[in-house]
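Novice: fold the stuff below for me.
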Amino acid sequence: MKIRAIHTFEAGPLRSQAFDFKDDWSGEITPNILFSGPNGCGKSSVLRAVAMLWNAFGHWLHHRKTLPKSSLEREWLQRWGGVALVLEELPFSGPSTLLLFGVQAFADQLRQTYPDHAVIGESVVRTGKPGAPARKLLWPGGDAQWLDRWTEERQKMLVSADKGESPNMLFLDAEERRWVSPRRGVGEMRPENSQQRWLTSYRVSEQWEGQLEASLLAMKSAALHRFHDLIRDMNAFLSGKEILTEVKLGENRLRVRLKDGSGITHGIDELSAGEHQVLIQLYLINRWLERGGIALIDEPDLYLHPSLVSGFLARLEKMVADRDGQLIITSHVPEVWSRYEALGRRILLEASR
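Specialist: Numbering: from 1, shown residues only. As a prediction, this is how the structure comes out:
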């Protein structure tokens, strides 16, 4: 699955515009995309809008009705005039699809722009009553067996650890990727929550369950070879130290050993902010990104030493490419701008005036 284009309508700092990721020369959709621009231009909002719309799509697939009033996605998306994704290379022989949430005029305009696309989403009609617009489900007519199949596969991926046939999305917000040392349930062995397979994100918590270290230990027990490969990837970005793969029974914690010959070790919590960022991103993509999935990462270079940025991005890009996916990021770093101007697509957003 790939995002061919993103459309916004009266969308806060993003205003009304379209971002097309199809390369005019090759005719292919760009797999690596960078949004850049000054503070407040809407870089992070683009990624969050995509994630919100994808989660809303999960609801539409499962319930075949509009989002409930209590829905976080409904509350967030309804603040804007509209947002839409043009999706191509869909599973189950699905046609190119327009996924949208927005006012009726926005929906009508996009239908004219993409007359051959299936349309899924909600159109909003302002009724004059504050906070109570009328909403209508947009759903393809006729035979849509591909959507029935997608619904079944989504249900399966939410309750099973088996390999899925549906792509997913991974959204990593920069502000939410804070490292918090666990305080409750430390060292317990818990299965990972498959409910996050549709839209994976990083949630800060003092609870051991769901923490990166707990997840790595669960991987060690369930998929030892994959665990060793991932630790090797992580160690490549640690300077003068390495995460040990051996775990002391009874302690059930990972240790980091200094490479100075002293034999001194310390815990994962004592790594630097930049090192924590590397571990979080490498783990989540390795563990959760499905084939054909889309990774949305806000400032992947956050806290990283400049010497690590290029190599780390190259690693993320390869991990996503190996899954035939798409990587969409934001960054304030000029080196990253130059990289994506040469190897991908850089989209420069302007600040609102």
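
Novice: quick one: residue 286 and residue 228 touch, right?
Specialist: No: between residue 286 and residue 228 there is no contact under CB atoms under 8 Å: 11.9 Å. Where you see a C-beta, it was placed from the backbone N, CA and C, and this is true even at glycine.

Novice: so for those two, which sits in the more crowded spot?
Specialist: With neighbours defined as other CB atoms under 10 Å, residue 286 and residue 228 compare such that residue 286 has more, 17 against 13.

Novice: quick check: the gap between residue 164 and residue 183.
Specialist: 33 Å (CB to CB, to the nearest Å).

Novice: please, where are all the helices along the stretch 201-350 of the chain?
Specialist: Listed from the start of the chain, the stretch 201-350 of the chain has helices (DSSP state H, counting those that start in this stretch) covering 212-222, 224-235, 273-288, 306-322, 334-343.

Novice: and those, which is most packed in?
Specialist: helix 273-288 (a mean of 20; mean count of other CB atoms under 10 Å).

Novice: I'd like the average pLDDT over it.
Specialist: Across helix 273-288, pLDDT averages out at 96.

Novice: okay, the angle between that helix and helix 224-235?
Specialist: Helix 273-288 and helix 224-235 are oriented at 150 degrees to each other (axes from the mean of the first three to the mean of the last three CA atoms, to 10 degrees).

Novice: re the thing from before, which one of the helices of the stretch 201-350 of the chain lies nearest to residue 149?
Specialist: Put simply, out of the helices of the stretch 201-350 of the chain the one that sits nearest residue 149 is helix 273-288, at 21.7 Å, with distance taken as CB to CB.

Novice: pLDDT weak spots in the stretch 51-200 of the chain?
Specialist: Along the stretch 51-200 of the chain, segments meeting pLDDT under 70 span 127-132.

Novice: swap in 90 and give it another go.
Specialist: 125-134, 141-144, 160-164, 182-183, 185, 187-194 (pLDDT under 90).

Novice: can you give me the strands in it?
Specialist: In order along the chain, the stretch 51-200 of the chain carries the following strands (DSSP state E, counting those that start in this stretch): 82-88, 97-103, 118-125, 134-138, 169-172, 199-200.

Novice: mean neighbour count and distance to residue 144 for those - can I get that in TSV?
Specialist: As requested, the strands of the stretch 51-200 of the chain are exported to TSV (neighbours: other CB atoms under 10 Å; distance: least, CB to CB, whole Å):
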stretch	mean neighbour count	distance to residue 144
strand 82-88	24	15
strand 97-103	24	10
strand 118-125	21	8
strand 134-138	15	12
strand 169-172	25	21
strand 199-200	19	22
